[in-house]
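I'd like to go over a predicted model; first the sequence, then the structure.
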Amino acid sequence: MSESIPIGADHAGFPLKERLKAELAALGFDPVDVGTHSTDSTDYPDYAHVVADKVARGEVKRAVLLCGTGLGMSYAANRHHGVRAAVAWSPEVAKLAREHNDANVLVLPARFVSEEQGLEILKTWLATPFEGGRHERRVAKIEVEKP
């Protein structure tokens, strides 16, 4: 059974989402498109919360989000317990986000990366394992206990 990877975007990320969705399928993953489904104006939190909730509940191991800068999606997704959403604008950043931070949600700044760059970032993020070791201690310190 192939790994399900939810993918969501607002209107700014829609065109690149469609291309990444096709690439996920071509790579043997099961992309789960949570929207949006056009370039009509939408609100990024509507998609970030759906995707991040799936990761937080343990329904999926990882997911992908896109918006204009990547910032809004990452802010909303990171509100969910256990989600480590990383904005990556290069393959190097995606690699380090996985290796050092165990990023489980990739966030792409669709207005600042080309389709080719987005594909390379996605492939790098998917292929890079968490390094563990000294990074496990640091990742464990990310979660804040509620008072």
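Looks like it arrived, so ask away. Numbers count the residues shown, from 1 in each chain.

which parts of stretch 107-119 are buried?
Across stretch 107-119, burial judged by 16 or more other CB atoms under 10 Å covers 107-110, 113, 117-119. No exception for glycine: its C-beta is placed from N, CA and C like everyone else's.

the helices in the chain, which residues?
For the chain, the helices defined by DSSP state H cover 14-26, 44-56, 71-77, 91-101, 115-127, 134-140.

turn those helices into a markdown table, including mean pLDDT.
What follows is those, written out as a markdown table (pLDDT from 0 to 100):
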| stretch | mean pLDDT |
| --- | --- |
| helix 14-26 | 98 |
| helix 44-56 | 98 |
| helix 71-77 | 98 |
| helix 91-101 | 98 |
| helix 115-127 | 98 |
| helix 134-140 | 92 |
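
of all those, which lies closest to residue 36?
Of all the helices of the chain, helix 14-26 sits nearest to residue 36, with 5.6 Å by CB to CB.

which residues are in contact with the closest one?
Counting contacts by CB atoms under 8 Å, 6 or more residues apart in numbering, the residues outside helix 14-26 that touch it are 5, 7-9, 30-31, 33, 36-39, 64, 66, 108, 110, 113, 115, 118-119, 122-123.

before we move on, back to that, rebuild the buried residues of stretch 107-119 as CSV, extending it with distance to residue 92.
Formatted as CSV, the entries for the buried residues of stretch 107-119 read as follows, by distance: CB to CB, whole Å:
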residue, distance to residue 92
107, 16
108, 14
109, 15
110, 19
113, 13
117, 11
118, 14
119, 15
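
just flag the most distant two among the residues you listed.
Between any two of these, the greatest separation by CB to CB is 15.4 Å, found for 107 and 119.

per-residue confidence at residue 145?
According to the predicted model, the pLDDT of residue 145 comes to 69.

among the contacts of helix 14-26, which ones are in strands?
Secondary structure from DSSP state E places 5, 7-9, 30-31, 33, 64, 66, 108 of those in strands.

list the beta-bridge partners for the residue nearest to the spatial centre of the chain.
When CA atoms, centre = their mean is applied to the chain, the residue found nearest the centroid is residue 106 (2.4 Å). Here residue 106 sits in beta bridges with residue 64, residue 86, going by DSSP bridges.
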